Every structure is written in C-alpha cells, then in structure tokens.
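[1] I'll drop the sequence and a predicted model, then ask my questions.
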Amino acid sequence: MSEKRDSYFTIKEASEGFFKDRGSKFFAYAYANHCENDLKLILKKLRKEHNTAKHHCYAYRYKQDYSVFRAIDDGEPKNAAGKLILGQIDTKNLTNVVVVVVRYFGGTKLGIGGMMNAYKVAALNALDNAEIVERTIDDIFQVNFGYPEMNKVMRRIKELHLTILSQKLELNGQVVFSIRKKDSQNTLDAFTGLKNIDIKQINED
C-alpha cells in the first residue's frame, strides 16, 4: 500500500444470525472483540448456553491494521467452517471482530458443500444484522511545558481541535492528547514551532 490506513471498520455491538438446513441448526454470534482473552470468555459463555452442541466454530480478525486472524473448524472437516466464517468478516472489510457459529446436527448429513454454505450464510446473517462503524486510528502525543507556556499550549490544543486524554496543569504542565494519524505531522509541526515546549509521540506505531 502506498500509505498507511488511518481508519478501520468494525461492528458497534453484538449481533446474531441463524440458518437451518435439513434439520441442522446454525446459530451465529458476532462480537466486537479485540483480544483472545475476551474470546475465551465468549466461547465459555456460548458453550454453556449451547452445551449439547458438538461444534462451536469461529473466526476472528484483530488489530487496526487487520493483521491478526484465525479460523477454527472445531471438529468439522478442515476448512469447512472457520475459513468460511473468516471470509464473511473479510467480505465486510471488518476487524476487531469475532464470529462464532454453533451447530446442532439435525440427523441428515449436509455434505461438504452444504456445510460450507451453512456456515457462510449463518455468519453473514449475523454480520448483516450488525451496525458497522468506522473508527479512526489515532496517534497519541504528550506535551510538557512550564507554567508560563500553559496558555499558548491550551490555545493551540483548542485551535487544532485535539482530544485531551489527560492533563496536569501545575507548575510543570503536561497534556496527553490524541489526533487522527493523517493529521499527526501537521499537529507535531504546530507544537515544535513553540518555544520551551517538549512534545513526543507515546503510542506504538
């Protein structure tokens, strides 16, 4: 890519979907999720609610740059479930999302094609029922200054419409703020032009 993305798409809150084929039932659950620790709690909850279901297949994509992903078949034939679920997340261009599809066998085998279609449709149904939102990727800066510089620092923050995350306005002041990545360099330039002020980026790239 010629430039780094500075926004990403995810879902606002949890949603559900459902698909049925020849007696087999597929309950799909989509969650806005950011890490595997949260995923463990989600799976524990669903396995308790659906304790007679044999398959809890899922997929996720994490990170603002869409770089972390995984697809789990949970006992289904290889690539017949998790990969199809992940495909629906990617079709919607989403990240920080996990989709779990719980299957109850209905007594009639669906075949690989039918099974793949069922997981795909169920996952898509859950995502279609979700509200998709765009989030900005922000850089975080810390500004340190003496008391005499406080007014011009706060005036510059107001002019640039920066979001203050924390502040300490004492003899030696400190303000931590965020700004959308695409505006970071201009913001940095605006502060480095001020005397007796130290500014540094404190979030990871």
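    Perfect, thanks for sending it.

[2] Give the buried residues for the helix or strand where G173 lies.
    According to DSSP states H and E, G173 maps onto strand 172-180. Neighbour counts over strand 172-180 (16 or more other C-beta atoms under 10 Å) mark 173, 175-179 as buried. (Glycine included, C-beta is placed from N, CA and C.)

[3] Pipe the residues you listed into JSON lines and attach distance to Y58 per row.
    JSON lines is the format used below for these (distance: C-beta to C-beta, whole Å):
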{"residue": "G173", "distance to Y58": "47"}
{"residue": "V175", "distance to Y58": "41"}
{"residue": "V176", "distance to Y58": "36"}
{"residue": "F177", "distance to Y58": "37"}
{"residue": "S178", "distance to Y58": "32"}
{"residue": "I179", "distance to Y58": "35"}
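
[4] From those, pick the one nearest K25.
    S178 (44.3 Å; C-beta to C-beta).

[5] give me every residue that touches that closest one.
    Counting by C-beta atoms under 8 Å, 6 or more residues apart in numbering, S178 makes contact with 138-141, 162-163, 165.

[6] C-terminal to the strand holding G173, what's the next element?
    Downstream of strand 172-180, the next assigned helix or strand under DSSP H and E is helix 184-192.

[7] Can you give the distance from the helix or strand following that next one to the centre of its chain?
    Once helix 184-192 ends, the next helix or strand along the chain (criterion: DSSP H and E) is strand 197-201. Offset of strand 197-201 from its chain centre (C-alpha atoms, centre = their mean, to the nearest Å): 29 Å.

[8] can I have strand 197-201 written out in PDB, keeping just the CAs?
    Output of strand 197-201 as PDB, limited to C-alpha atoms (Å, rounded to 0.1, in the frame of the first residue of the first chain):
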ATOM      1  CA  ILE A 197       7.700  23.200  24.900                       C
ATOM      2  CA  ASP A 198       8.600  19.500  24.600                       C
ATOM      3  CA  ILE A 199       6.300  17.100  22.600                       C
ATOM      4  CA  LYS A 200       6.700  13.400  21.900                       C
ATOM      5  CA  GLN A 201       4.600  10.600  20.500                       C
END
